[in-house]
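Colleague: Starting from these lines, generate the structure:
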Amino acid sequence: MERDKTILLAHGSGGSYSRRLTEEVFAKAFDNPLLAPLNDQAVFCLPAKKLAFTTDSYVVKPIFFPGGDIGKLSVCGTINDLAVGGAEPVYLSASFIIEEGLSMNELKRVVDSMAKTARDAGVSIVTGDTKVVERGKGDKLFINTAGIGVINGPELTPMNIRPGDAVIVSGTMGDHGIAIMTHREGIRMDSPVESDCAPLHTLVMEILSAAPTGVRAMRDPTRGGLATVLNEFAASSNCCISIREEDLPVKDAVRGACEILGFDPLYLANEGKLVAVVSSAEAKAALAAMRAHPLGKDAAIIGTVSDGPKGKVLLETSIGNTRIIDMLSGEQLPRIC
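Modeller: Below is the predicted model:
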């Protein structure tokens, strides 16, 4: 039957087609006790005094790409937004805007990817919603995820940053942006680049354990890349952040693609990396913890925090010059996450 092969407007009607889609695709993949009743809400208790709550929407094109897909991305992205605030992710919601005509196989592939990613990360998708829009109005699939996490330690915020702190990245920059761009445009590379899409919460916990009093702030450099995050840190802390180009980890394939396409890896999106600002006293311990984790093996200290010029980010180039790194202006790569 047609309803078993593609998404129809009827799947968003709230009737029998909607119920069947919910039960046979979403509830089956995300199965857990909190979701099983299929109520309009999930009811649960959390034994915590402090919670973190976040939400994000995903419109990546194409929906499948080397190293991931829009489903994996939506789970990892929300887990990571919780984790870099020092929270242990617990529950997610997932809402879908589906274009009429999307094949059921594609939708199931995305949903199964979400389920596996959440299961492997130890979090549950406990509530959600589905809407269907007319053909040509949705570009296949948009996803919104929200998440709740428990904070058991100090709150991490850029306002904690102090002069003398070290700036550390957990790995190579720009992998996700180049993976999406080259796949989207059909650009063949001698060394293909895959998205770094991954949940970072276990890496964060290792960092916090190794540097329990020294971690000031963390963030995952997604849209706008490393340069945007560092500018946000500098503005919020009213400090200056200086980084060294020669210490910035970038894969040769990514650097080569940037040179050909005219991109700067500082502004490219990442989906499985983080930036941490750590006190000088605990920076080496944090770096060692990162490098001991599979997602942090290429971690590096790339710079320091100083008094001024306040609110600025400076780059010491490989030839010894210094230039200001501004926040991204405009859209470098649309539909990246």
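
Colleague: residues contacting the spatially most central residue of the chain?
Modeller: Residue closest to the mean C-alpha point of the chain, counted by C-alpha atoms, centre = their mean, is G77 at 3.3 Å. Contacts for G77 were tallied using C-beta atoms under 8 Å, 6 or more residues apart in numbering; they are 56, 58, 145, 220, 222, 271, 337. Yep, even glycine has a C-beta here, placed from its N, CA and C like the rest.

Colleague: Need the buried ones from those selected in PyMOL.
Modeller: Burial among the contacts of G77 is assessed by 16 or more other C-beta atoms under 10 Å; the matching PyMOL selection reads:
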select buried, resi 56+58+145+220+222+271+337
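
Colleague: Looking at the contacts of G77, which is nearest L9?
Modeller: Y58 (22.4 Å; C-beta to C-beta).

Colleague: quick one: that closest one from E99, how far?
Modeller: Using C-beta to C-beta, to the nearest Å, one gets 14 Å for the distance from Y58 to E99.

Colleague: What helix or strand is the residue nearest to the centre of the chain located in?
Modeller: helix 70-83 (DSSP states H and E).

Colleague: What's the first helix or strand after that helix?
Modeller: strand 87-99.

Colleague: After that following strand, which helix or strand is next?
Modeller: helix 104-121.

Colleague: Does anything pack onto that next one? Which helices or strands?
Modeller: helix 28-29, strand 68-69, helix 70-83, strand 87-99, strand 124-133, strand 141-151 (3 or more C-beta pairs under 8 Å, 6 or more residues apart in numbering; DSSP states H and E).

Colleague: returning to what we had before: could I get the average pLDDT for the helix holding G77?
Modeller: Mean pLDDT, computed over helix 70-83, is 98.

Colleague: ok, now which ones touch N238?
Modeller: Taking C-beta under 8 Å, 6+ apart, one finds 310-311 in contact with N238.

Colleague: D120 - nearest residue in space that isn't next to it in sequence?
Modeller: P199 (7.7 Å; C-beta to C-beta, 6 or more residues apart in numbering).

Colleague: actually G12, not the one I wrote
Modeller: V132 (3.0 Å).

Colleague: Check the burial of the one you found by counting its neighbours.
Modeller: 24 (other C-beta atoms under 10 Å).
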